[in-house]
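*Asks:* just coords:
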């Protein structure tokens, strides 16, 4: 190499000699360059082939597996629109405690209560004292300060009034409408009311517009499936029809036959005529009983179906849910009707809907021979028997109203003509209530009904009102489904939970008078969250759900963010001292909105739920 270098250096002095020696180094260098190029191309191809054989690193590595890439991002997020059963991991029991004057009291503590599940004492793990109406002032702090002087309209209590216009008579319905109108005029700013009817012909969804509520009440009128007018001959009630057809009650059948002989004018003298008359009366009674039984069953089925639908509707409202059934009661003699009734109770308990009932007949008395709209029996024996059955029927019709209230923790108002006091009793929001929660121990997944009892260690002439039970699940939910249900239940509630260090703030921007951008900000103190150490990283996953409801509590939009965290120690200690803020934006119209923020982590399975409200002018 030295000689070559020297030769190269003297080629100007001896061109011929330089030309001779230049040929060999040129070939050598060229060969070396081609070899290096070939090696480089081979290395690149091998590297590409190696990378193609390995799967791409996942965007979010599960917390249970080590992350292969130590240089991966410390946080990844995924956002998607979300659409929104009840999980019994934590059973919530709302309790109202009243003094001897009927006033709700709010100065009790967790230690004052005892809670029993099927007579077994339970540990109260969740306790809260709530005062409806205070939510507005607290939640206004979450919205833009000083932007609007108008207070956000935040609903807290939802009341669904169900008028049984299928069974109510005109007189009873008229009195109930007046009393209901008086009560609806006293609605609180945080109350929302809806009106439904068992016929389905008069409905109004949840609102605080008193004018609409008043007008809807005026449209209520009796709408029996059987029609109106003078009853047929013989006079057989639904209760008597059930006795004759299903229970083979000979006394009820004979009373109806005697009535038929009188009203059909079949009281003939000769034996042959009497035999023919008896056969005709028997046929008339069986036909009347079959007709009344069919109509009565249809009316009861329809009423129970509507009650179930109303429970389903109110279960989607984010707050305290109450339902008031205004009815004279109705019969549910069939086995399948009992199952329908239990379905109503089951759905109400699962959805934390409290059902109260008001017997619109008031102080009920039996009118001998029936009222003017019904033709009473023309036979004295038949009239006496029917009067007794009429009393028995009234008591049986009340059973369904009583059971609905008792099974769901509601109030049953009956045998009283003061319907104004009745509506205040069954529909008024208590000044205070307590929320107790417990986790059932060794719960069997058999779908069985569990009786609940809440008592005070020192009663001191206090009375309690609470739900009476709940249903155990029929099968174990997988962890992912269970987490989804917990989040969904929390979204459609107003219970606040503070297991995780989360703060809620809201902002808005108006690009035009008719449009607005609503931003929901979730500030999380990530240093105070539990982590699992994986490959030197602090690992956890957060699910953040933001949902907005309109001023009447109707769900508008929801958005879910999935946040995977793999923090380095240095990042947690220095860069994240002030926490992180997650922003979710919604396109909305000007108006009042209720904001619900739910955050749940995977490692600790903890959850926080916050309420917010904002008025966009």
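*Replies:* Right, received. Where do you want to start? Keep in mind that what you see is a predicted model, and the values were worked out from it rather than measured. Numbering: from 1, shown residues only.
*Asks:* helices of the stretch 101-250 of the chain, start to end?
*Replies:* Taking DSSP state H, counting those that start in this stretch as the criterion, the stretch 101-250 of the chain carries its helices at 135-139, 170-184, 210-218, 238-245, 250-263.
*Asks:* pipe the ones you listed into TSV and attach distance to residue 112 per row.
*Replies:* Yep, even glycine has a C-beta here, placed from its N, CA and C like the rest. Formatted as TSV, these follow (distance: least, C-beta to C-beta, whole Å):
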stretch	distance to residue 112
helix 135-139	24
helix 170-184	32
helix 210-218	38
helix 238-245	46
helix 250-263	53
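*Asks:* tell me the contacts of residue 323?
*Replies:* Applying C-beta atoms under 8 Å, 6 or more residues apart in numbering to residue 323 gives the contacts 159-160, 162, 310-311, 314, 348, 353-356, 410.
*Asks:* and the helices of the stretch 101-250 of the chain: which comes nearest residue 341?
*Replies:* Evaluated with C-beta to C-beta, the helices of the stretch 101-250 of the chain place helix 238-245 nearest to residue 341, the distance being 15.7 Å.
*Asks:* neighbours around the residue nearest to residue 172 when sequence neighbours are not counted, how many?
*Replies:* Spatial nearest neighbour of residue 172, excluding adjacent residues (C-beta to C-beta, 6 or more residues apart in numbering): residue 360 at 4.5 Å. Residue 360 has 29 neighbouring residues, counting by other C-beta atoms under 10 Å.
*Asks:* residue 360 reaches residue 419, doesn't it?
*Replies:* Yes. Here residue 360 reaches residue 419: they are 7.2 Å apart, a contact under C-beta atoms under 8 Å.
*Asks:* shared neighbours, these two?
*Replies:* Residues touching both residue 360 and residue 419 by C-beta under 8 Å, 6+ apart: 175-176.
*Asks:* buried ones in stretch 284-299?
*Replies:* Using 16 or more other C-beta atoms under 10 Å as the test for burial, stretch 284-299 gives 284-286, 288-289, 292-293, 295-297, 299.
*Asks:* can you show me the strands along the stretch 451-600 of the chain?
*Replies:* 463-466, 469-471, 497-498, 502-512, 515-524, 532-534, 537-550, 555-567, 580-588, 591-601 (DSSP state E, counting those that start in this stretch).
*Asks:* repeat for the stretch 101-250 of the chain
*Replies:* For the stretch 101-250 of the chain, the strands defined by DSSP E, counting those that start in this stretch cover 113-117, 120-121, 126-130, 157-163, 191-197, 204-207.
*Asks:* out of those, which gets the lowest mean score?
*Replies:* Mean pLDDT values for the strands of the stretch 101-250 of the chain show the minimum at strand 126-130, a mean of 86.
*Asks:* that strand versus strand 113-117: what angle between them?
*Replies:* With axes from the mean of the first three to the mean of the last three C-alpha atoms, to 10 degrees defining the directions, strand 126-130 sits at 130 degrees from strand 113-117.
*Asks:* buried residues in strand 126-130, which are they?
*Replies:* The neighbour-count check on strand 126-130 (16+ other C-beta under 10 Å) flags 126-127, 130 as buried.
*Asks:* can you put these in JSON lines and add distance to residue 463?
*Replies:* Output for the buried residues of strand 126-130, formatted as JSON lines (distance: C-beta to C-beta, whole Å):
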{"residue": "126", "distance to residue 463": "23"}
{"residue": "127", "distance to residue 463": "20"}
{"residue": "130", "distance to residue 463": "19"}
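*Asks:* so of the helices of the stretch 101-250 of the chain, which one's packed in deepest?
*Replies:* helix 238-245 (a mean of 24; mean count of other C-beta atoms under 10 Å).
*Asks:* neighbouring contacts of that one?
*Replies:* With contact meaning C-beta under 8 Å, 6+ apart, helix 238-245 is reached by 236, 249, 252-253, 255-256, 285-286, 288-293, 295-296, 331, 333, 386, 389-390, 392-393, 396.
*Asks:* now, those residues that are in strands?
*Replies:* The members of the contacts of helix 238-245 all map outside strands under DSSP state E.
*Asks:* wait, which of the helices of the stretch 101-250 of the chain is closest to residue 521?
*Replies:* Checking the helices of the stretch 101-250 of the chain against residue 521 by C-beta to C-beta gives helix 135-139 as the closest, at 14.3 Å.
*Asks:* average pLDDT across the closest one?
*Replies:* Averaging pLDDT along helix 135-139 gives 49.
*Asks:* quick revisit: looking at the buried residues of strand 126-130, which one is closest to residue 572?
*Replies:* So of the buried residues of strand 126-130, ranked by how close each gets to residue 572 (C-beta to C-beta), first place is residue 126, at 29.7 Å.
*Asks:* spit out the contact partners of that closest one.
*Replies:* Applying C-beta under 8 Å, 6+ apart to residue 126 gives the contacts 90, 92, 435-438.
*Asks:* kindly recompute the last result at 7 Å.
*Replies:* Going by C-beta atoms under 7 Å, 6 or more residues apart in numbering, residue 126 touches 90, 435-437.
*Asks:* among the residues you listed, which one lies nearest to residue 503?
*Replies:* Closest to residue 503 out of the contacts of residue 126 is residue 435 (22.0 Å), distances taken as C-beta to C-beta.
*Asks:* that closest one belongs to a strand?
*Replies:* Yes. Judged by DSSP: H, G, I helix; E, B strand; the rest coil, residue 435 forms part of a strand.
*Asks:* please renumber so the chain begins at 40
*Replies:* That works, and once the first residue is 40, the last one we named lands at residue 474.
*Asks:* tell me the pLDDT at it?
*Replies:* pLDDT at residue 474 comes out at 83.
*Asks:* do the one 3 residues further on as well
*Replies:* What the model reports as pLDDT for residue 477 is 91.
*Asks:* in space, what's closest to it - neighbours in sequence excluded?
*Replies:* In space, residue 477 comes closest to residue 161 once its chain neighbours are excluded; the distance is 4.2 Å by C-beta to C-beta, 6+ apart.
*Asks:* give the rounded mean pLDDT of the longest helix along the chain.
*Replies:* Assignment by DSSP state H gives helix 310-353 as the longest helix of the chain. Across helix 310-353, the average pLDDT comes to 88.
*Asks:* please name every helix or strand in contact with that helix.
*Replies:* Judged by 3 or more C-beta pairs under 7 Å, 6 or more residues apart in numbering; DSSP states H and E, helix 310-353 is in contact with strand 196-202, helix 277-284, helix 289-302, strand 359-366, helix 374-389.
*Asks:* I'd like the average pLDDT over the last one.
*Replies:* The average of the pLDDT scores along helix 374-389 is 80.
*Asks:* which one of the contacts of residue 362 has the most neighbours?
*Replies:* Among those, residue 394 has the most neighbours (other C-beta under 10 Å), with 31 neighbours.
*Asks:* a strand runs through that one, doesn't it?
*Replies:* Yes. Counting by three-state DSSP, residue 394 is part of a strand.
*Asks:* ok, now which ones touch it?
*Replies:* The neighbours of residue 394, taking C-beta under 7 Å, 6+ apart as the test, are 362, 364, 387, 443-444, 447, 449.
*Asks:* next one: residue 295
*Replies:* Taking C-beta under 7 Å, 6+ apart, we find residue 295 in contact with 273, 275, 279, 283, 324, 421.
*Asks:* okay, residue 304 and residue 312: tell me how far apart.
*Replies:* Note on residue 304: its distance to residue 312, by C-beta to C-beta, to the nearest Å, is 12 Å.
*Asks:* just residue 356 next, same as before
*Replies:* Distance of residue 356 to residue 312, computed by C-beta to C-beta: 66 Å.
*Asks:* if we can go back for a sec, which of the buried residues of stretch 323-338 sits closest to residue 238?
*Replies:* Nearest to residue 238 out of those is residue 338 (C-beta to C-beta; 9.7 Å).
*Asks:* ok, now which ones touch the closest one?
*Replies:* Going by C-beta under 7 Å, 6+ apart, residue 338 touches 205-206, 264, 369.
*Asks:* what about those, which one has the most neighbours?
*Replies:* Counting neighbours by other C-beta under 10 Å, residue 206 leads the contacts of residue 338 with 25 neighbours.
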